[in-house]
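Enquirer: sequence below, structure please.
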Amino acid sequence: MSKQYFTPEMTVDEAFKLHAGARRVFARFHLGGCSNCAISESHTIGAISDDYGIPLTMLLENLNALFDQGTLAIGDRVRIPDEIRSRIPQLANVPETGEITGVESGAYTADFGDVRLQGLAEDFIAVEPGVAAG
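Expert: Alright, predicted model coming up:
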């Protein structure tokens, strides 16, 4: 099992600050998206498990798995996955490859020409060195 970065005593706010992907994990459990499943940022992960009937080990495993994902570094060349590009018409004219220009709490900033995008590592595909820029 991966290292425990997230703990039952950690608040939702602390989880959001620790890794940007925490919002996606909570959303996968249908937490935080509507008035019936709203979560307070002062709620602890353990309390969320109890209140919403989500097994604590499952919730923590999903959160801690965020740190097992591949990582990117500033200067890495990346491209947008085809499934994302095809669903967002505004990306049609964005260059094929971009460059990671920033990283903070698991969130990456990538510049694609004049377009700046932000996302998690799973939102970009690393381009092998030597591939021409688009």
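Enquirer: run the chain-centre distance for stretch 84-92.
Expert: From the chain centre to the centre of stretch 84-92 is a distance of 19 Å (CA atoms, centre = their mean, to the nearest Å).
Enquirer: with stretch 116-133 instead?
Expert: With CA atoms, centre = their mean, you get 14 Å for stretch 116-133.
Enquirer: before we move on, what about stretch 39-46?
Expert: 19 Å.
Enquirer: next one: stretch 44-51
Expert: Using CA atoms, centre = their mean, the offset of stretch 44-51 from its chain centre is 21 Å.
Enquirer: what is the mean pLDDT for that stretch?
Expert: For stretch 44-51, the mean per-residue pLDDT is 93.
Enquirer: residues making contact with it?
Expert: With CB atoms under 8 Å, 6 or more residues apart in numbering as the test, stretch 44-51 has contacts from 6-12, 15, 26, 31, 39, 43, 54-56, 59-60, 63. For glycine as for every other residue, the C-beta is placed from the backbone atoms N, C-alpha and C.
Enquirer: filter those residues to the buried ones?
Expert: 6, 8, 10-12, 15, 26, 31, 39, 43, 54, 59-60, 63 (16 or more other CB atoms under 10 Å).
Enquirer: domain parsing for the chain?
Expert: 12-68, 77-126 (automatic domain parsing).
Enquirer: any idea which of these scores lowest on pLDDT?
Expert: domain 12-68 (a mean of 86).
Enquirer: isn't G119 right up against F112?
Expert: No - the pair G119 / F112 is not scored as a contact, 11.7 Å apart, by CB atoms under 8 Å.
Enquirer: who's more crowded, these two?
Expert: F112 (20 against 17; other CB atoms under 10 Å).
Enquirer: would you mind measuring from the more buried one to R85?
Expert: F112 sits 11 Å away from R85, going by CB to CB, to the nearest Å.
Enquirer: anything in contact with each of these two?
Expert: In contact with both F112 and R85: V94, using CB under 8 Å, 6+ apart.
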